[in-house]
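attaching a predicted model along with its sequence, questions to come.
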Amino acid sequence: MRLSKKSIIAIGTVGVLFTASVLYLFLTQPRLESDLIVYGPRGIKSLATALVMEFQRRYKVNASFVDYDMGSIEIANRLISEKDDPIADVILGVPEFYAKQLIDAGVLEPYAASNLSMIPEGERWDKTNNVLPMDKGYILITYNETIVVRRGLPIPNTLDDLTRSEYRGLVFYQDPTTSGTGLSFLVWIMSVKGVEQGFSFLALLEQNVRTHPSGWTSSIRALSLGEVAIGSMFNTDVGYEEVPNLKSTAVEGFVYREGIALVNGAKHPVAAKKFIEFVLGVDGQNLVSPAGYMYPVNPSASSAALSYAPKPQTEVTFNPATAGSVVEWLDRWRREIRAG
Amino acid sequence: MAKGDKGGLVLALSYLPLMAFFTFFYALPILSILFSTDATQLVSLLGDPYIIRLTVDTTVQAIASTVPSIMLAIPLAYFLSRYAFRGANLLRYLLLTPFFVPAFAVTEGIILMLGERGILNQILAALLRIDPPVLDVLYSMVAVVIAHVFYYLPLAVLILEQGFSSVDRELVDASEVSGASWFLTLKVAYLNRMIPFVTASSLLVFAFSFITYSTPILIGGKFTTLEVEIYSTRARPVSSSLALFQLMFTFLLSLAILALREKLYVKDASSTRGRMPKTPVLTTSGKVLLGYAIVLVAIELLPVYLVLAQSISSSTVVLFPTALSLDNLIRLFGTEFGFGIGFIDVILQSFSIATVVALFSVFASVLIVWQGSKREDVRKLMTALLSFPLSISRSSLALGMMLCYGFGFLRLYGSWTLIAAGHIAIIVPLITRVMEASWTRISPEVRDAAELFGASGIFRLLKVELPLIAPAIVASFLLAFSSSISEFTFSNFFSTLNLMTLPVSAAVLIDLRRLDLAAALNGLVIVVVMAAEAATSLVSEEAIRVV
């Protein structure tokens, strides 16, 4: 059976199209490197990429950062589900309020890094050394000064101020199921008000809420468009150089702390430990402010890049008595608050 | 090899392509959901007030989408079936446009239309002489329902038109000659004939609205559906129970649609006797209906038009673009969607995935239909198995694929192959129909002649059958390509910051309220998809009809 010229051309074209497409997709797809695999949430990608690249450059270790486009809770759960055959060697960006779940699941290995003593005792929130402190940030009540002044509204100072009737339709906080900032805001409320009162507060607050942006960019966009004027943001967003004219009195704020941990059963433990030490060291910590807009926990590292940002006068930290409840809160938030 | 063994092998090979496809793309993912479902959780889910409310809300929304779609479609379907006029085909093609355009693009049109400064609020504000917004329906269930009416009305018209066309003319004449009242004529000649078609179209619009996903995500606000809930909880064990619940419900819906399809179209396709002839638009009622048709089609096209107009305008479009510019399009190329992913990367990823999906789907469909053409039992099984994906829950299937292949033994999450697999799962059943319709028309004499001259099965396939169905193959490729380009559910499930398709990047822009850039992107997608559809209809008119 001989093929006609037409058939050969058709088959050739199809072959070229298929091969070109597959080659493009395979060549551009990120691959897991073999020497070190680091898990973390998508929100920390900028900092994690900077850390991994610098580590690779210095120690000639092929390392990959994997976020699976997941938030901090989801990536932690991913690690738990891989307990029997872990892919990751290190997980970073573990929120203080979700560390207990990882520790209880037995997916972490305690590791007292050789340079841990450089971190002040007060910053070491997990005394078991399963999760070592990495960085911290502050969630504040912020407002678009242009809109607030134009409308003659009072300046918001505290969480309770957000429920004032004058702010109806102007308030926002991020969807905690998709945003780390939103999740921190939820934990802030639960930490200061307790669960039942916290949800009553959120239900009351919902009357003023215009929208729950999915993340940082959509929050800034909603603020820029004037759709919202008052809500929770990181302190490093205050002084944002373009529209919106974001301000905060920083009367109170929530301290969001996250850590880094060695995975139990890591396939590359030596490189993993080296990486953790690098992150805690001055060189790694110096990347925290410029690449992650967070504060380093190593006092020798610089946070000069964030000197413009106001720090809260009263700092609220996570209430460990409520540890282990975050998933339940998120579920309840989806059911009672978002769905109305 | 003994003769019996050879026969068994041939039989097994006949079923192989179909069963392999069904096992990999449906059975294994669904089994993964089943095995990861906790029975206690599933039972508690059935009594969970939140899930009950979600189910009720989803159902209410689906009914609310169905009723106006059908009511508005009936006069138009009647008009298209009853009257002959110049431009009828164009009107029909324009009407179908919103159905072929990706749902997320229509949804953006709805945002432009119903937004605070949208055309509806501007008109109402001018009429009532108050400042806009007069209506605040965006980001609610109402907005979702409105989008569905725009989206599914053409589908309802298409089905109902077939119903009206099949009304027995002799029965109508007899009824009129015997002096029966219009009500009796309506009851005897029309109602009896139309009820199954109204049921079928209602069921289909209901099913599609029930499994809605992109519309509530983009404009639902607080309103959410079971499909969206499965997506929202995808990283948690509860999602498997929800997915199983949704799969069971949509499986029953698919069964009902399949039963009606067999009853209506299979039987009806062969009979043309006594059908209503078309008359020119001369009567008053004909002219009124023509006016209705033109207005309805114009309104139907409004969201698509608004997106296209906004894509080439630098200022917000109310009805006409006031400042024509390619600025949005240019800025799109400078936009970053993920870490290091620019618009060019998104286009290349989308087009490469669509090419692989289209080629694979055509190859798989040819294999499946070829085997079906040789054995009636294989063809029957093929028809039955490939009908279910029509209205099955896509979120559930995506979750199943994620459990089975994303994080299961293949660990494909984050890879383009998982997106491609999702697209193939829903595209192969679609284009298999196109291919089958074309294949069944190959004259048996042609096959017999080839056999008489001693042609082998492969020779007959390559030299006789494939050349005869070449237009259907090209049409299938185009359809598969455009369907992959506009697919949202699987793409959204499996996209990461390094891997993104056009619909997902459009959703990112809509989420960021960058409607100008989203319009430019959606405008591009609309042009690509419509060009593919137009090319498809040129190559094979039948392909569009089958779809």
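That came through, no problem. Residues are numbered from 1 along each chain as shown, chains lettered A, B, ... in the order given.

now the closest residue to chain A within the stretch 151-300 of chain B. Nearest residue, chain neighbours left out?
For the stretch 151-300 of chain B, the residue positioned closest to chain A under Cβ to the nearest Cβ is B:Ala235, at a distance of 4.0 Å. In this view, the C-beta of every residue, glycine as well, is placed from N, C-alpha and C. Leaving out its chain neighbours, the residue that sits closest to B:Ala235 by Cβ to Cβ, 6 or more residues apart in numbering or on different chains is A:Glu74, at 4.0 Å.

what are the phi and psi values at the one you found?
Listed backbone geometry of A:Glu74 is phi -60, psi -40, with angles given as degrees, to the nearest 10.

surely it meets B:Thr233?
No - A:Glu74 is beyond contact range of B:Thr233, at 10.5 Å (criterion: Cβ atoms under 8 Å).

tell me the domain boundaries of chain B?
Per automatic domain parsing, the domain ranges recorded for chain B read B:17-47+B:326-547, B:49-167+B:194-235+B:277-310.

can I get those domains in a markdown table including mean neighbour count and mean pLDDT?
Conversion of the domains of chain B to a markdown table gives the following (neighbours: other Cβ atoms under 10 Å in any protein chain shown; pLDDT from 0 to 100):
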| stretch | mean neighbour count | mean pLDDT |
| --- | --- | --- |
| domain B:17-47+B:326-547 | 20 | 86 |
| domain B:49-167+B:194-235+B:277-310 | 20 | 89 |
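
using a markdown table, please lay out those domains together with distance to B:Ala180.
Formatted as a markdown table, these follow (distance: least, Cβ to Cβ, whole Å):
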| stretch | distance to B:Ala180 |
| --- | --- |
| domain B:17-47+B:326-547 | 34 |
| domain B:49-167+B:194-235+B:277-310 | 15 |
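
closest one to B:Lys187 among those domains?
Closest approach to B:Lys187 among the domains of chain B (Cβ to Cβ): domain B:49-167+B:194-235+B:277-310, 10.6 Å.

where along the stretch 201-340 of chain A do the strands fall?
For the stretch 201-340 of chain A, strands defined by DSSP state E, counting those that start in this stretch occupy the ranges A:209-211, A:230-234, A:246-247, A:252-263, A:295-296, A:314-316.

which stretches of the stretch 301-450 of chain B form helices?
In the stretch 301-450 of chain B, the segments counted as helices under DSSP state H, counting those that start in this stretch are B:327-332, B:343-374, B:376-385, B:394-401, B:416-439, B:444-452.

now the angle from the last one to helix B:343-374?
What separates the directions of helix B:444-452 and helix B:343-374 is an angle of 80 degrees, with axes from the mean of the first three to the mean of the last three Cα atoms, to 10 degrees.

so how far is B:Leu112 from B:Asp131?
Relative to B:Leu112, B:Asp131 is positioned 19 Å away (criterion: Cβ to Cβ, to the nearest Å).

revised request: answer the last question for A:Phe201.
Relative to B:Leu112, A:Phe201 is positioned 36 Å away (Cβ to Cβ).

equivalent analysis for A:Thr13, please.
A:Thr13 is 39 Å from B:Leu112, where distance means Cβ to Cβ.

run a quick neighbour tally on the nearest residue to A:His212 once chain neighbours are set aside.
Closest residue to A:His212 in three dimensions, ignoring its sequence neighbours and counting by Cβ to Cβ, 6+ apart: A:Asp175, at 4.1 Å. By other Cβ atoms under 10 Å in any protein chain shown, the residues close to A:Asp175 number 23.

chain center to stretch B:282-302: distance?
Here stretch B:282-302 shows a centroid-to-chain-centroid distance of 25 Å under the convention Cα atoms, centre = their mean, to the nearest Å.

same question for stretch A:132-145.
Averaged over its C-alpha atoms, stretch A:132-145 has a centre that lies 11 Å from its chain's centre (Cα atoms, centre = their mean).

same question for stretch B:110-127.
On Cα atoms, centre = their mean, the centre of stretch B:110-127 falls 28 Å from that of its chain.

how about B:Ala455, secondary structure?
Of the three states, B:Ala455 takes coil under DSSP: H, G, I helix; E, B strand; the rest coil.

wait, isn't it in contact with B:Lys463?
Yes - under the criterion of Cβ under 8 Å, B:Ala455 lies in contact with B:Lys463, with a separation of 7.3 Å.

among the helices of the stretch 301-450 of chain B, which is nearest B:Leu479?
Taking Cβ to Cβ, helix B:416-439 is the member of the helices of the stretch 301-450 of chain B nearest to B:Leu479, at 5.8 Å.

and that closest one, how far out from the chain's middle?
On the basis of Cα atoms, centre = their mean, the separation between the geometric centre of helix B:416-439 and that of its chain is 13 Å.

coming back round to it: need the helices of the stretch 301-450 of chain B in CSV (columns: distance to B:Pro303).
Conversion of the helices of the stretch 301-450 of chain B to CSV gives the following (distance: least, Cβ to Cβ, whole Å):
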stretch, distance to B:Pro303
helix B:327-332, 17
helix B:343-374, 22
helix B:376-385, 35
helix B:394-401, 22
helix B:416-439, 24
helix B:444-452, 46
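
want to throw these into a markdown table with distance to chain A?
As requested, those are arranged in a markdown table below (distance: least, Cβ to the nearest Cβ, whole Å):
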| stretch | distance to chain A |
| --- | --- |
| helix B:327-332 | 15 |
| helix B:343-374 | 4 |
| helix B:376-385 | 24 |
| helix B:394-401 | 14 |
| helix B:416-439 | 5 |
| helix B:444-452 | 12 |
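
and A:Leu92, which of those helices is closest to it?
Taking Cβ to Cβ, helix B:416-439 is the member of these nearest to A:Leu92, at 25.2 Å.

so what does the helix or strand hosting B:Phe183 touch, helix or strand wise?
Assignment of secondary structure by DSSP states H and E places B:Phe183 within helix B:182-185. Using 3 or more Cβ pairs under 8 Å, 6 or more residues apart in numbering or on different chains; DSSP states H and E as the contact criterion, the secondary-structure elements in contact with helix B:182-185 are helix B:169-177.

quick one, the strand ranked longest in chain A and strand A:252-263 angle?
Counting residues, the longest strand in chain A under DSSP state E turns out to be strand A:131-144. On the basis of the same axes, to 10 degrees, strand A:131-144 is oriented at 150 degrees to strand A:252-263.

just how off-centre is strand A:131-144 within its chain?
For strand A:131-144, the distance from its own C-alpha centre to the chain's C-alpha centre is 10 Å (Cα atoms, centre = their mean).

now check that strand, is it near chain B?
No - contact between strand A:131-144 and chain B, assessed by Cβ under 8 Å from any Cβ of the partner chain, is absent, since the two come no nearer than 15.1 Å.

following element in sequence after that strand, please.
Stepping forward along the backbone from strand A:131-144, the first helix or strand reached (DSSP H and E) is helix A:145-150.

just the buried positions in that following helix, please.
Residues of helix A:145-150 classed as buried under the neighbour-count rule (16 or more other Cβ atoms under 10 Å in any protein chain shown) are A:146-148.

does any bit of the helix or strand just after it sit next to chain B?
Once helix A:145-150 ends, the next helix or strand along the chain (criterion: DSSP H and E) is strand A:171-172. No - for strand A:171-172 and chain B, the contact criterion (Cβ under 8 Å from any Cβ) is not met; the two come no nearer than 12.4 Å.

who does strand A:171-172 pair up with?
Strand pairing for strand A:171-172, using DSSP bridges, gives strand A:209-211 (parallel), strand A:230-234 (parallel).

what's next to the last one, contact-wise?
Contact with strand A:230-234 is made by A:137-144, A:148, A:156, A:162, A:167, A:170-174, A:181-182, A:184-185, A:188, A:219, A:223, A:246, A:248, A:256, A:293, as judged by Cβ atoms under 8 Å, 6 or more residues apart in numbering or on different chains.

right, I'll call it a day here.
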